[in-house]
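**Q** what follows is a predicted structure for the sequence shown.
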There are 2 protein chains.
Amino acid sequence: MTPVDHPRTNTRAEILKLAEGLFQTKGYNGFSYSDISSVLGIKNAAIHYHFPSKAELGVALIRRYRDLLKATSGTFMKTGENPRAQLEGYLLFCAKREQTTDYICPIAITANDYMTLPKTMQDEGIKLSRETLAWLTRILQEGREQGVFTFDGYPADKAILIQGALQGAGELCRLKNPGAMDATTRQIKSDLSV
Amino acid sequence: MTPVDHPRTNTRAEILKLAEGLFQTKGYNGFSYSDISSVLGIKNAAIHYHFPSKAELGVALIRRYRDLLKATSGTFMKTGENPRAQLEGYLLFCAKREQTTDYICPIAITANDYMTLPKTMQDEGIKLSRETLAWLTRILQEGREQGVFTFDGYPADKAILIQGALQGAGELCRLKNPGAMDATTRQIKSDLSV
DNA sequence: GTCTATAACGTGATAGAC
DNA sequence: GTCTATCACGTTATAGAC
């Protein structure tokens, strides 16, 4: 990786990258501009040039994750693919994220901090959760119609259960249940007779 | 309820009650001593007499919830009772909490804030999650042995899935999925053939 | 266009008044 | 024993230097 370069060139991207890690490990109220500027070797307030307010940085972070999910679903979570492969792709995506970075799902982060967030971030978090649930619901419905998943009840309910469980699993991992994510993905698949 | 009384008598209890709501809605980093003192009509620093540091207040808050769960399991979640009644008791406990207060599960709160918490609070959160998972695992195992629950795999995995899903459901409710908690409890029961 | 010096405020915590 | 005045620090944000 390139260290600090003079004159600085891609400061904005470096800020976003650092902030992403801070946001997903410590939450919106758990990090400050200083945490970023000190690492980058610039002054605290230089960040305000690229992101005039912390709220704008926060919105960019959630949108970044939305884009990542969208890009990811363009590959192994591709529409029209086998629903089973798509679901497994998402489960693997979540598990890998958790295992390699100890990051928590941005949906969970946003929800937990919700009451203290600026409205622009709240709305971005709502969009993220709706998109994810809509995608999951569709996969589950199609999968059941095609006979690759087995479950009772509404696909929308099952989607909420699965998405919530994935969020919760990341949280339980934090609390020294290191196998929580594996346990959850295993049980999700078992409960779908996959 | 009694308003502010002079001379103040049960300040400590009032602090705890207020802090509980603040903690479970805004997280550990989302509230300050001022949020409490202003409501109680005392000075910010008066709280430091009852709770010398915010960390001690935080530990008291998690312990308080642990005690609540313990007391609750002494009634409708009683050991030796029908596992089905016990599980339904816990599901109802979670649903009611969410619906009446919009509080998020302290396990989720603690996990999300984990990286920024003092060690004493981290350890308290770990105990809380372990107790809860141990209880759930036992209920599920006994219930399956007695033939009231139907599921494949390890009871410990199923416990993690259910607990995580309940945490996640509270979070999804925050993000304007108002039916998430009902959907989750419905699907949990359906997936246990209850 | 990019960043630094500085401000204005809120935080958790201490020392000491009653 | 209970609480108030005050502190030292970290926060986000602005004004203006280069």
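**A** That came through fine.
**Q** pLDDT below threshold where in chain A?
**A** Low-confidence segments of chain A (pLDDT under 70): A:1-8, A:76-80.
**Q** make it 80
**A** Along chain A, segments meeting pLDDT under 80 span A:1-9, A:74-81.
**Q** biggest helix in it by residues?
**A** Longest helix in chain A by number of residues (criterion: DSSP state H): helix A:119-145.
**Q** does DNA strand D sit close to that one?
**A** No. Judged by Cβ under 7 Å from any atom of the strand, helix A:119-145 stays clear of DNA strand D, getting no closer than 11.4 Å. All C-beta atoms are positioned from the backbone trio N, CA, C, and that covers glycine.
**Q** quick one: that helix to chain centroid distance?
**A** Its chain's C-alpha centre and that of helix A:119-145 lie 12 Å apart, by Cα atoms, centre = their mean, to the nearest Å.
**Q** anything in it near chain B?
**A** Yes. Using Cβ under 8 Å from any Cβ of the partner chain, helix A:119-145 reaches chain B at A:125, A:126, A:128, A:129, A:130, A:133.
**Q** isn't the second one up against residue B:174?
**A** No. With contacts counted by Cβ atoms under 8 Å, residue A:126 stays clear of residue B:174, the gap being 9.2 Å.
**Q** quickly list what's touching both of these two.
**A** Shared contacts of residue A:126 and residue B:174, defined by Cβ atoms under 8 Å, 6 or more residues apart in numbering or on different chains, are absent.
**Q** quick one, which of those two is more surrounded?
**A** Taking neighbours as other Cβ atoms under 10 Å in any protein chain shown, residue A:126 and residue B:174 compare with residue B:174 leading, 25 against 19.
**Q** gap between the more buried one and chain A?
**A** Distance check for residue B:174 against chain A: by Cβ to the nearest Cβ, to the nearest Å, it reads 4 Å.
**Q** hmm, back to that, who wins for neighbours among the residues of helix A:119-145 next to chain B?
**A** Taking other Cβ under 10 Å as the neighbour criterion, residue A:125 ranks highest of the residues of helix A:119-145 next to chain B with 28 neighbours.
**Q** what residues does chain A put near DNA strand D?
**A** Residues of chain A lying close to DNA strand D (Cβ under 7 Å from any atom of the strand) are A:31, A:32, A:33, A:34, A:35, A:44, A:45, A:48, A:52, A:53, A:54, A:55.
**Q** list the helices and strands the host helix or strand of the last one packs on?
**A** When you say that, I think you mean residue A:55. Using DSSP states H and E, residue A:55 maps to helix A:54-72. Other helices and strands packing on helix A:54-72, by 3 or more Cβ pairs under 8 Å, 6 or more residues apart in numbering or on different chains; DSSP states H and E, are helix A:11-26, helix A:106-113, helix A:119-145.
**Q** in the longest helix of chain A, what counts as buried?
**A** Buried residues in helix A:119-145, defined by neighbour count with 16 or more other Cβ atoms under 10 Å in any protein chain shown: A:121-122, A:124-126, A:128-129, A:132-133, A:135-144.
**Q** just to revisit the earlier point, filter the residues of chain A next to DNA strand D down to the buried ones, PyMOL style.
**A** In PyMOL, this line selects whichever of these come out buried by 16+ other Cβ under 10 Å:
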select buried, chain A and resi 31+33+54
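**Q** okay if I get the residues of chain A next to DNA strand D as JSON lines plus distance to residue B:108 and secondary structure?
**A** Shown next, in JSON lines, are those (distance: Cβ to Cβ, whole Å; DSSP: H, G, I helix; E, B strand; the rest coil):
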{"residue": "A:31", "distance to residue B:108": "19", "secondary structure": "coil"}
{"residue": "A:32", "distance to residue B:108": "23", "secondary structure": "coil"}
{"residue": "A:33", "distance to residue B:108": "27", "secondary structure": "helix"}
{"residue": "A:34", "distance to residue B:108": "27", "secondary structure": "helix"}
{"residue": "A:35", "distance to residue B:108": "23", "secondary structure": "helix"}
{"residue": "A:44", "distance to residue B:108": "31", "secondary structure": "helix"}
{"residue": "A:45", "distance to residue B:108": "34", "secondary structure": "helix"}
{"residue": "A:48", "distance to residue B:108": "32", "secondary structure": "helix"}
{"residue": "A:52", "distance to residue B:108": "32", "secondary structure": "coil"}
{"residue": "A:53", "distance to residue B:108": "27", "secondary structure": "coil"}
{"residue": "A:54", "distance to residue B:108": "23", "secondary structure": "helix"}
{"residue": "A:55", "distance to residue B:108": "24", "secondary structure": "helix"}
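**Q** ok, which of the residues of chain A next to DNA strand D also contact DNA strand C?
**A** Within the residues of chain A next to DNA strand D, those near DNA strand C by Cβ under 7 Å from any atom of the strand are A:44, A:45, A:48.
**Q** mind putting those residues into a markdown table with distance to residue B:154?
**A** Output for those, formatted as a markdown table (distance: Cβ to Cβ, whole Å):
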| residue | distance to residue B:154 |
| --- | --- |
| A:44 | 49 |
| A:45 | 53 |
| A:48 | 51 |
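**Q** for chain A, which residues are neighbours of DNA strand C?
**A** So far as Cβ under 7 Å from any atom of the strand goes, chain A lies against DNA strand C at A:7, A:8, A:11, A:42, A:43, A:44, A:45, A:46, A:48, A:49, A:50.
**Q** just the buried residues out of those residues, in ChimeraX syntax.
**A** Burial among those is assessed by 16+ other Cβ under 10 Å; the matching ChimeraX selection reads:
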select /A:11,42,46
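**Q** quick one: residues contacting the closest residue in space to residue A:30 that isn't next to it in sequence.
**A** Closest residue to residue A:30 apart from its sequence neighbours, by Cβ to Cβ, 6 or more residues apart in numbering or on different chains: residue B:116 at 4.3 Å. The contact partners of residue B:116, taken as Cβ under 8 Å, 6+ apart, are A:26, A:27, A:30, B:28, B:29.
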